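Q: just coords:
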Ligand SMILES: [Mn+2]
């Protein structure tokens, strides 16, 4: 069997990487190795833009055509050397530990998780109430394209110029482009959000045939939607120099000069505004970082905006927003909480049991083996008494990258419902062999500790259309009975199924029906 896992050393960190030859962008034959190589080569220019900005993960374990998922919480197996920052959830439950990509090893580790796109928030920790820039996301509707966006971006530039604000464009690497206004000053999301909204609406009034400021999809035909709503503490926007995973070929979100946008408009050449990873690297080597001013340029929103909000603050009783600086400070004092040690593992074999409320409630039992997650669906959940046997139906292998997923799969998609990391940790194989249909192992999880066995009792028979059946049973001695309360509690976030469903802060998307 080909070696699927290996260790590489990055700036003195040992990182376990897997499936490097796996093709993630089929049309370009762009593999996971190519992704890691790209991010390594661009890191000198990319990392300053990520420094201390928490990120939302967007992972494509099976490549751009496969299932993908969003998650905010650092996976439970995140190595301890990776910086995370705790932010209280809106609902109850543990804090969300956001990953902060402050160095090359972290970037490589995330690339290995097939985190193709990098989506930072606009704030830097610990000041999670203070955006460092204002952003306008220009998204073309049907019949419009990136050149239409370029035209609208120029209008935005001119309008911002009237307010003495300098702005910087980058292509999104998908369909449109974004205009960034560096601030790097004492400003709140209330201020940037309201300003961006007002400017988008003003431009819509001036250019009603070209610009729309409302989310409604059907209003967008032949127009550019200026999405001002990205200026919120809950929103992340694709990073400069991030790969995109929207097409079968990799494109990059690359900064462009206003002159280049003008030239593309003059020559009506769309292609000038799409950049492959190789193009992106060539550009930074030749021209340096066109987005560098976004990091350093200090600008202030117009005085009237600030006065308006200052007045509002004194008149208004304490609101939820007024608590934000307090929360930020609270986080500052708190060092990043380490995850329970039993869940941490740098190498070794991991297991996860995901409680899955789909059309039928079941527990997905998964063991990391040969670079994938061997999986069984256990309708009644793992037994705790010696002699108890539970039906375990084999389901398809899952990519190892799915191991920490907790969140929702949208309704109507394959497996639609809520997924909880019910238990997770490491396991040791005591005896047996998966291919022979018998394994006995010791689990070291937070709920389950001790020995269990998996045994095949019906072999598959393709001719008779018969599926394999296995049994999961408890071995050696009884385990602790899981109370109802613990059964409805995540091993990683301590949330209930209902809370996970309500938070909807991680989504797993399936292309299968
Ligand atoms: Mn399932």
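A: Great, that's in hand. These numbers were taken from a predicted model, which means no experiment stands behind them.
Q: please count neighbours and contacts with C-alpha atoms only from this point.
A: OK.
Q: where does the stretch 351-500 of the chain have low pLDDT?
A: Regions of the stretch 351-500 of the chain meeting the criterion pLDDT under 70 are absent.
Q: and the helices in it?
A: 484-487, 497-503 (DSSP state H, counting those that start in this stretch).
Q: cool, the chain as well?
A: Applying DSSP state H to the chain gives helices spanning 32-50, 104-112, 146-162, 189-206, 258-267, 277-287, 292-296, 303-315, 324-333, 484-487, 497-503.
Q: could I get the buried residue list for the fourth one?
A: Within helix 189-206, the residues that count as buried by 16 or more other CA atoms under 10 Å are 189-197, 199-201, 203-204.
Q: repeat for the fifth one
A: Residues of helix 258-267 classed as buried by neighbour count (16+ other CA under 10 Å): 258, 261, 264-265.
Q: avg pLDDT for that helix?
A: Mean per-residue pLDDT for helix 258-267: 97.
Q: return the distance of it from the chain's centre.
A: Here the centre of helix 258-267 is set off from its chain's centre by 33 Å, with CA atoms, centre = their mean, to the nearest Å.
Q: can you list contacts of that helix?
A: Helix 258-267 has contacts (CA atoms under 8 Å, 6 or more residues apart in numbering) with 147, 150-151, 154, 168-169, 270, 272-273.
Q: of all pairs in those, which one is the farthest apart?
A: 168 and 270 (19.0 Å; CA to CA).
Q: and these two? Which one has more around it.
A: Using other CA atoms under 10 Å as the criterion, residue 168 and residue 270 rank with residue 168 on top: 21 against 15.
Q: against residue 178, how distant is the more buried one?
A: Between residue 168 and residue 178 the computed distance is 8 Å (CA to CA, to the nearest Å).
Q: that older thread, show me which of the buried residues of helix 189-206 is closest to residue 57.
A: Using CA to CA, residue 189 comes nearest to residue 57 of those, at 21.9 Å.
Q: surely residue 122 meets residue 180?
A: No: the pair residue 122 / residue 180 is not scored as a contact, 10.5 Å apart, by CA atoms under 8 Å.
Q: picking up where we left off before, figure out which of the helices of the stretch 351-500 of the chain is closest to residue 284.
A: Residue 284 lies closest to helix 497-503 among the helices of the stretch 351-500 of the chain, at 39.3 Å (CA to CA).
Q: joint contacts of residue 168 and residue 178?
A: By CA under 8 Å, 6+ apart, residue 168 and residue 178 have no common neighbours.
Q: quick revisit: want to throw the buried residues of helix 189-206 into TSV with distance to residue 57 and pLDDT?
A: TSV is the format used below for the buried residues of helix 189-206 (distance: CA to CA, whole Å; pLDDT from 0 to 100):
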residue	distance to residue 57	pLDDT
189	22	94
190	25	92
191	27	93
192	24	95
193	23	93
194	27	91
195	28	93
196	25	94
197	27	93
199	30	93
200	28	94
201	31	93
203	33	94
204	33	94
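Q: domain map for this structure?
A: If you go by automatic domain parsing, the domain ranges for the chain are 5-126, 128-333, 342-509.
Q: if I pick residue 203, what's in contact with it?
A: Residue 203 makes contact with 155-156, 211, according to CA under 8 Å, 6+ apart.
Q: go with 7 Å
A: residue 211 (CA atoms under 7 Å, 6 or more residues apart in numbering).
Q: distance of it relative to residue 391?
A: Counting by CA to CA, the gap from residue 203 to residue 391 is 62 Å.
Q: residue 367 is in contact with residue 350, isn't it?
A: Yes: using CA atoms under 7 Å, residue 367 is in contact with residue 350, at 6.3 Å.
Q: which one's more surrounded, these two?
A: Set side by side, residue 367 and residue 350 show more neighbours around residue 350, with 25 against 22, by other CA under 10 Å.
Q: any idea how many residues pack against the residue lying closest to the more buried one once chain neighbours are set aside?
A: Counting by CA to CA, 6 or more residues apart in numbering, residue 426 is the residue found nearest to residue 350 once chain neighbours are left out, at 4.1 Å. As a burial measure, residue 426 scores 23 neighbours (other CA under 10 Å).
Q: can you offset everything so residue one is 117?
A: Sounds good: first residue 117 from here, last item residue 542.
Q: who's in contact with the closest residue to residue 347 other than its chain neighbours?
A: In this structure, residue 347 finds its nearest non-sequential neighbour in residue 309, 4.9 Å apart by CA to CA, 6+ apart. Residues near residue 309 by CA under 7 Å, 6+ apart: 344-345, 347-348.
Q: show me which of these are buried.
A: 344-345, 347-348.
Q: from those, which is closest to residue 517?
A: For these, the nearest to residue 517 is residue 348 (29.0 Å; CA to CA).
Q: surely that closest one meets residue 305?
A: Yes: applying CA under 7 Å, one finds residue 348 in contact with residue 305, separated by 5.7 Å.
Q: quick one: the residue lying closest to residue 595 once chain neighbours are set aside from residue 546, how far?
A: Computed as CA to CA, 6+ apart, the closest residue to residue 595 that is not its neighbour in sequence is residue 500, at 4.9 Å. Using CA to CA, we find residue 500 at a distance of 18 Å from residue 546.
Q: circling back: from the buried residues of helix 305-322, which two are the most distant?
A: Pairwise distances across these peak at 21.9 Å for 305 and 320 (criterion: CA to CA).
Q: which among the buried residues of helix 374-383 gets closest to residue 406?
A: residue 374 (10.5 Å).
Q: beta partners for the residue sitting nearest the centre point of the chain?
A: Among the residues of the chain, the one closest to the centroid is residue 173, at 1.6 Å (CA atoms, centre = their mean). Beta-bridge pairing for residue 173 (DSSP bridges): residue 187, residue 234.
Q: isn't it up against residue 188?
A: Yes: the criterion here is CA under 7 Å, and residue 173 meets it with residue 188 at 6.0 Å.
Q: ok, back up a step: so can I have JSON lines of the contacts of residue 309 showing pLDDT and distance to residue 605?
A: Below are the contacts of residue 309 laid out as JSON lines (pLDDT from 0 to 100; distance: CA to CA, whole Å):
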{"residue": "344", "pLDDT": "94", "distance to residue 605": "37"}
{"residue": "345", "pLDDT": "93", "distance to residue 605": "33"}
{"residue": "347", "pLDDT": "96", "distance to residue 605": "33"}
{"residue": "348", "pLDDT": "93", "distance to residue 605": "30"}
